[in-house]
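1. Structure for the following, please:
(2 chains)
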Amino acid sequence: MIADIVRSRAFGQNALLLLVLLLVPAVAGRFYVYILAVIFVTGLLAMSLNLLVGHGGAYQFHHAAFYGVGAYTAALILVKTSLPAWVAFCAGPIAAAVTGLIVGAICVRLNKLYYGMLQISLGSLIWIVVLRWYSLTNGDDGIHGIPMPEFLSSATGIYYFVLGVVAVCLALMYLILKSPFGATLRAIRDNPQRCEAVGINVRRHQLLGVVVATFFAGVAGVLFVVLEGSVFPDMLFWVLSLEILIMCLLGGWFTFYGPMLGAAIMVALRTFVGSYTDYWTLVLGIVLILLIFFLPEGLMSINLRERIRQRGRRASMKAAE
Amino acid sequence: MELNITFAGFFSQVLVGLSRAMILFIVSSGLSFILGVLRVPNVAHGSLYMIGAFVAHSVATAVGGVSGFWLALVLAPLTVALISLIAERTLFCHLYEREHLMLLLFTFALALILGDLTKMTWGADYRSLTAPPFLQGSVSVHGTAFPRYNLFLLAVGPVVAVGLWLLTSKTMFGKIARAAAVDREMVGAIGINVSWVFALAFVLGCLLAGLGGALVSPTVSITLGMDHTIIIEAFLIVTIGGLGNIWGALVGSLIFGITQSIGVLILPQFAIVFPYLAVVVILTLKPTGLLKSVW
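-> So this is what the prediction gives:
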């Protein structure tokens, strides 16, 4: 399977893209390098959510809670203990995945909207605890000035670290989606009853999906700490969860890179429209409504439709011959 | 930790919790009604509540006095109803066939837009409203001082509950709305304009959000962001009560209000955690809510 992937055209394109991104700090200013890193981190978070929503069909309404758990775990270890940084970086995703396991185990017994509602309440519970536990988390002030290891002291160092970790995570996600497990997840999305009937343990697969997705959300949380050097309780607030869902919608649920594109659009809107006006969420709202009306499968679907049309044309030409 | 709870303190906390529950009930019953009839998880509900509070503040300060307060209680819900009617007729009515996730994101987009429009109209300052004289001060209940306005809320809540119950179960409109929720096509087939039934149901639900906002305005500081906290609470209340069930919204609100006020007595710093814990416990034991869901 790996050999097939390496030989494929998409692999070449991605390798080229990675090469271009590696060269960016040499030509672009510090600000743009930073914005790109923000896009990667947010995009990783959105893509981890899309594993469940787009590919798994689960109503994962409070994904930000796990992102926050990962970030806070790493931040607290860095600030309160003298353990080496890599321990903190590994502990973040693991803590997020364990939280995902517990929350998921409670939620997967329910269907659709009830699943989402139960998750919002459990996630809000975590949020409230983080917000109120002043002695540990500093409450709504958050934690600032988190000490970082030497190699993460420069903007370029941070950029390369973020890029490297995100690239590895995306490769892993791609392999997971290509694996029989990924195919099972999509099958459950399309028809859970039939999956049950052919002997697939639907609940267990969904739970495993939640654990995998929350692990990557935790990675994104750790990367946020690396990037910003701070954490705050808004990272676990449900508004962020809906914003990540919007990124998936913007880019496209049923594509691999869609959520990354959506994250890029959101970050760009916030940064560039936000610098002109206080009302950038108004612009976002209008864009979203237009999208829901005219392009419900996201921006990537423009391309997808074109491709399907071409394929259809080619097939009919062949038939005519 | 030392627990020092007198009966009087307990009693007044429970009364505070109950009056808070009345506000939560008025808002969440509207949300529940919309969920029950239209099957739309309306995130913009919180924004409409916020707009209700802002309109109430503007009307009450512009007119002044007792009449200003009553006028605010009437005009705020009506303004919100008008906004929701426009949103329903221009945008919403085209989307009912979409899946819940899309509707959720659509209403979130609407919430973003309404939030920014509120910011444009009223600015980012904190505002506060004083209740009219006859509702100011407090009365002595069993030896503890209890704010008059909270008693007023305790009276309004049940009135709204009974009114809503009469409307949904005794009137023609209520019966049609409930029938349309179950089988839209069949109701359309016997010659009823389902589209307008849905519009009216949506407007009615939103009107309750506006009423809740107007009623809460003398007791809190009116500010941007008040939509974010109320909507999450309302969603949770509706879920533990049973989606679409009006009485479920009442039960859920009471649980929410009382657990929080008892939390204040036990662990003030984490008081707000208690309702969320209650929600988790209830949904773990009874995943589809306490009362029968209409879904």
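
2. Near chain A, which residues of the stretch 51-200 of chain B are found?
-> B:91, B:94-95, B:98, B:100-102, B:104-106, B:108-113, B:115-117, B:119-120 (Cβ under 8 Å from any Cβ of the partner chain). C-betas here are computed from N, CA, C, even on glycine.

3. List only buried entries from those.
-> Burial by neighbour count, judged by 16 or more other Cβ atoms under 10 Å in any protein chain shown, picks out B:95, B:101, B:104-106, B:108-113, B:115-117 from those.

4. mind checking how far the residue nearest in space to the middle of chain A is from A:Leu223?
-> Centroid-nearest residue in chain A: A:Leu45, 2.0 Å away (criterion: Cα atoms, centre = their mean). For A:Leu45, the distance to A:Leu223 equals 9 Å [Cβ to Cβ, to the nearest Å].

5. Which helix or which strand is home to residue 205?
-> I went with chain A, as the question did not name one. A:His205 belongs to helix A:202-228 when assigned by DSSP states H and E.

6. wait, chain B
-> helix B:194-216.

7. now swap in A:Ala3 and tell me
-> Judged by DSSP H and E, A:Ala3 forms part of helix A:2-7.

8. Tell me which helix or strand comes right after that helix.
-> helix A:9-27.

9. which outside residues touch that next one?
-> Helix A:9-27 is touched from outside by A:5, A:32-33, A:36, A:155-156, A:159-160, A:163, A:167, with contacts defined as Cβ atoms under 8 Å, 6 or more residues apart in numbering or on different chains.

10. Using PDB, write out every CA atom in it.
-> Output of helix A:9-27 as PDB, limited to C-alpha atoms (Å, rounded to 0.1, in the frame of the first residue of the first chain):
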ATOM      1  CA  ARG A   9       0.700  11.600  -8.600                       C
ATOM      2  CA  ALA A  10      -0.800  13.100  -5.400                       C
ATOM      3  CA  PHE A  11       2.200  12.100  -3.500                       C
ATOM      4  CA  GLY A  12       4.400  14.000  -5.900                       C
ATOM      5  CA  GLN A  13       2.200  17.000  -5.600                       C
ATOM      6  CA  ASN A  14       2.200  16.900  -1.800                       C
ATOM      7  CA  ALA A  15       6.000  16.500  -1.700                       C
ATOM      8  CA  LEU A  16       6.300  19.500  -4.000                       C
ATOM      9  CA  LEU A  17       4.000  21.500  -1.800                       C
ATOM     10  CA  LEU A  18       6.000  20.600   1.300                       C
ATOM     11  CA  LEU A  19       9.200  21.700  -0.500                       C
ATOM     12  CA  VAL A  20       7.600  25.100  -1.300                       C
ATOM     13  CA  LEU A  21       6.400  25.500   2.300                       C
ATOM     14  CA  LEU A  22       9.900  24.700   3.600                       C
ATOM     15  CA  LEU A  23      11.300  27.500   1.500                       C
ATOM     16  CA  VAL A  24       8.700  30.100   2.700                       C
ATOM     17  CA  PRO A  25      10.600  31.500   5.600                       C
ATOM     18  CA  ALA A  26      13.500  32.300   3.200                       C
ATOM     19  CA  VAL A  27      11.400  34.700   1.200                       C
END
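
11. and that helix, what's its mean pLDDT?
-> In this model, helix A:9-27 has a mean pLDDT of 79.

12. buried set for that helix?
-> A:14, A:21, A:25.

13. need these in JSON lines with distance to B:Ser261, can you?
-> Listed next are the buried residues of helix A:9-27 as JSON lines, based on distance: Cβ to Cβ, whole Å:
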{"residue": "A:Asn14", "distance to B:Ser261": "56"}
{"residue": "A:Leu21", "distance to B:Ser261": "54"}
{"residue": "A:Pro25", "distance to B:Ser261": "55"}
